[in-house]
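Engineer: got a structure for you, letters missing:
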């Protein structure tokens, strides 16, 4: 893990998010106000501008600085949550661990911080419905030697988590008057999280 | 989309720049991180009130910075919560020895960003969460009720109390109290258009209205055929009164707020209708405010906010205020 491959992951995330821009916007407009995609794109663009500046820093510094940049440029719920995720991840980097072990430990820490910040957990139709299962699977798979198998599995878990948000609204039905309209709509934050995770997995699958 | 725009990315910065130039005797604007504060820091020790939220609701909150109301406001991007560094910078600038009181509308994004900002400052601080909208209990944006036009009533009254040198705890308790006795609900005839999106946030038929709409154009209670002003005001007032449960002969403040695309003429018509409905129920409207104070960009529609008055709230509503959007007794 180094600055170069962290930025490669960011560039792949940006590519995937840009391709799926209209879909994310529509998901947000269906049950929200449609600003999620602009916030995500602004954050990714700002974070990518740091590539040269952070090129010689350690992974923990890179995650922290990107997290701060997201925190100060994105705004909204997604800014606070993605920043918390990244800054949480920065805290757990260890030189003693291999990349997969590191990623599992870092992601776990980041997701726990995100749960606390958002006062939310699994099954509440949020990005955590993607992040929590991915975190748990990463930790189960952290000793797997074949990275392609890990990537394929994580990609699938992220997708299942994302799709699960469509049914949560229907069954939990927050406010009934909203529930009816929201049935069948995937949570936009869950979708963008899943797309980001898939983009990273694809680096190792292809 | 027909809007006065040069570059969508620069809308907020250009608007803030104009705001500063238009009101140099009241406010100044700091850029990067963005916040609006009073041009002159109050002389005596006082609790410093900081509010903020997504832009697009002007004059909320920047228009309420000045004597008798806020010390600073942090504007986010259109309909997006401001970022924690804005609150940190604003707090460092306006802190005046008695702590910081954050006034936050109850939206998940605002709460999280204000919390992160509060984590970054060393001063005593408290937060008032405003949740006056009776339309929906939970929404896609909130756990619990949304904060809407009643927020400015909290800002006015708590701002006045803070000017008297009251403690952080007193201001916090009073703000929670004003929030508890304030209830709001609105209706929209058209959608708003977020400049960056370039198209309406939601589709709505020519003969339809969104009853209980949120101030970002988010869904309310139901989509209905438009009704007469009498009928829809009756529905709104009844929803508010179910929540407020006023006594007979209760004295109230009634605020008719426009969402940005409805003429004042119609807002005054609504005030007339609302006052008559309340009068029939034995409720006395003794204070009033009519105008576009908590807007949703260019959305056509309006909301009612009603606050049950007691002596203290009335006193702090009536006291002198000098802000860009609200000014009396000065």
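Structural biologist: Yep, that arrived. All of these numbers come straight from a predicted model, not from anything done at the bench.

Engineer: use CA for all of it now, contacts and neighbours both
Structural biologist: Fine.

Engineer: what residues are up against residue 76?
Structural biologist: All of this refers to chain A. With contact set as C-alpha atoms under 8 Å, 6 or more residues apart in numbering or on different chains, residue A:76 has these partners: A:39, B:80-83, B:109-110, B:113.

Engineer: not what I meant, chain B
Structural biologist: A:75, B:52-55, B:82-83.

Engineer: returning to what we had before: just the ones of the contacts of residue A:76 in strands?
Structural biologist: The strands, defined by DSSP state E, take in nothing from these.

Engineer: let's have those in TSV, adding distance to residue B:192.
Structural biologist: Shown next, in TSV, are these (distance: C-alpha to C-alpha, whole Å):
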residue	distance to residue B:192
A:39	18
B:80	15
B:81	18
B:82	20
B:83	23
B:109	20
B:110	20
B:113	24
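
Engineer: export the residues you listed as CSV, with columns for neighbour count.
Structural biologist: Below are these laid out as CSV (neighbours: other C-alpha atoms under 10 Å in any protein chain shown):
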residue, neighbour count
A:39, 21
B:80, 25
B:81, 29
B:82, 35
B:83, 34
B:109, 26
B:110, 28
B:113, 29
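
Engineer: now the residue of chain A found nearest chain B, what's its secondary structure?
Structural biologist: Using C-alpha to the nearest C-alpha, the single residue of chain A nearest to chain B is residue A:77, 3.7 Å away. State at residue A:77, reduced to three classes by DSSP: H, G, I helix; E, B strand; the rest coil: helix.

Engineer: that one: neighbour count?
Structural biologist: Residue A:77 is flanked by 26 other residues according to other C-alpha atoms under 10 Å in any protein chain shown.

Engineer: quick one: pLDDT of the nearest residue to it once chain neighbours are set aside?
Structural biologist: Setting aside the residues directly before and after it, residue A:77 is nearest to residue B:109 in space (C-alpha to C-alpha, 6 or more residues apart in numbering or on different chains), at 3.7 Å. Note on residue B:109: pLDDT of 89.

Engineer: try residue B:219
Structural biologist: Note for residue B:219: predicted pLDDT of 82.

Engineer: tell me how many other residues crowd it.
Structural biologist: Neighbourhood size, residue B:219 [other C-alpha under 10 Å]: 26.

Engineer: who's in contact with the nearest residue to it once chain neighbours are set aside?
Structural biologist: Closest residue to residue B:219 apart from its sequence neighbours, by C-alpha to C-alpha, 6+ apart: residue B:213 at 5.4 Å. Contacts were defined as C-alpha under 8 Å, 6+ apart; by that measure residue B:213 touches B:135, B:185-188, B:219-221.

Engineer: any idea how far residue A:205 is from residue B:288?
Structural biologist: From residue A:205 across to residue B:288, the span is 65 Å (C-alpha to C-alpha, to the nearest Å).

Engineer: quick revisit: the contacts of residue A:76 in helices, which ones?
Structural biologist: A:39, B:109-110, B:113 (DSSP state H).

Engineer: of all these, which comes closest to residue B:173?
Structural biologist: Among the ones in helices among the contacts of residue A:76, residue B:110 lies closest to residue B:173 (C-alpha to C-alpha), at 20.5 Å.

Engineer: the closest one and chain A: what is the separation?
Structural biologist: Using C-alpha to the nearest C-alpha, to the nearest Å, residue B:110 is found at 7 Å from chain A.

Engineer: that residue contacts residue B:51, doesn't it?
Structural biologist: No. If you go by C-alpha atoms under 8 Å, residue B:110 and residue B:51 don't touch, sitting 10.0 Å apart.

Engineer: which residues do the two both contact?
Structural biologist: Residues touching both residue B:110 and residue B:51 comprise residue B:104, with contact defined as C-alpha under 8 Å, 6+ apart.

Engineer: look at the residue lying closest to residue A:60 once chain neighbours are set aside and say how many residues are nearby.
Structural biologist: Excluding the flanking residues, the one nearest residue A:60 by C-alpha to C-alpha, 6+ apart is residue A:90, at 4.4 Å. Close neighbours of residue A:90, defined as other C-alpha under 10 Å, add up to 24.

Engineer: contacts only, for whichever residue of the stretch 101-250 of chain B sits closest to chain A.
Structural biologist: Residue of the stretch 101-250 of chain B nearest chain A, by C-alpha to the nearest C-alpha: residue B:109 (3.7 Å). Going by C-alpha under 8 Å, 6+ apart, residue B:109 touches A:75-78, A:80, B:80-81, B:141.

Engineer: between the residues you listed, which is nearest residue B:296?
Structural biologist: The closest of the contacts of residue B:109 to residue B:296 turns out to be residue B:80 (C-alpha to C-alpha; 12.5 Å).

Engineer: hmm, residue B:54 and that closest one touching each other?
Structural biologist: Yes. With contacts counted by C-alpha under 8 Å, residue B:80 reaches residue B:54, the gap being 4.3 Å.

Engineer: ok, and the closest non-adjacent residue to residue B:86?
Structural biologist: Excluding the flanking residues, the one nearest residue B:86 by C-alpha to C-alpha, 6+ apart is residue B:33, at 5.1 Å.

Engineer: that neighbour: which element?
Structural biologist: Here residue B:33, judged by DSSP states H and E, is contained in no helix and no strand.

Engineer: now do it against residue A:72, distance only.
Structural biologist: According to C-alpha to C-alpha, residue B:33 and residue A:72 sit 8 Å apart.

Engineer: try residue B:298
Structural biologist: For residue B:298 relative to residue A:72 (C-alpha to C-alpha), the value is 27 Å.

Engineer: over to residue A:202?
Structural biologist: As judged by C-alpha to C-alpha, residue A:202 and residue A:72 stand 29 Å apart.

Engineer: same question for residue B:191.
Structural biologist: Taken as C-alpha to C-alpha, the span from residue B:191 to residue A:72 is 29 Å.

Engineer: quick one: which of those two has more around it?
Structural biologist: More crowded of residue B:191 and residue A:72, by other C-alpha under 10 Å: residue B:191, with 25 against 22.

Engineer: so who does the residue nearest to that one when sequence neighbours are not counted touch?
Structural biologist: Once flanking residues are discounted, residue B:191 sits nearest to residue B:299: 5.2 Å by C-alpha to C-alpha, 6+ apart. When contacts are counted by C-alpha under 8 Å, 6+ apart, residue B:299 touches B:188-193, B:217, B:259-262.

Engineer: residue B:285 pairs with what?
Structural biologist: Beta-bridge partners for residue B:285, by DSSP bridges, are residue B:252.

Engineer: pLDDT score for it?
Structural biologist: 98.

Engineer: am I right that it is in contact with residue B:249?
Structural biologist: No. Residue B:285 lies out of contact with residue B:249 (C-alpha under 8 Å); the separation is 9.7 Å.

Engineer: next structured bit after the least confident helix or strand in chain A by mean pLDDT?
Structural biologist: For chain A, using mean pLDDT, DSSP states H and E, the weakest element among its helices and strands is helix A:176-182, scoring a mean of 50. Once the chain leaves helix A:176-182, the next helix or strand it forms, by DSSP H and E, is helix A:188-205.

Engineer: tell me what that following helix is packed against?
Structural biologist: helix A:3-19, helix A:21-31, helix A:128-140, helix A:147-172 (3 or more C-alpha pairs under 8 Å, 6 or more residues apart in numbering or on different chains; DSSP states H and E).

Engineer: closest to residue B:24 out of the ones you listed?
Structural biologist: Smallest distance to residue B:24 across these (C-alpha to C-alpha): 37.8 Å, for helix A:21-31.

Engineer: elements contacting that closest one?
Structural biologist: Helices and strands touching helix A:21-31, by 3+ C-alpha pairs under 8 Å, 6+ apart, are helix A:36-48, helix A:176-182, helix A:188-205.

Engineer: any chance you could map the helices in the stretch 151-300 of chain B?
Structural biologist: Assigned by DSSP state H, counting those that start in this stretch, the stretch 151-300 of chain B shows helices spanning B:151-163, B:168-180, B:229-244, B:264-280.
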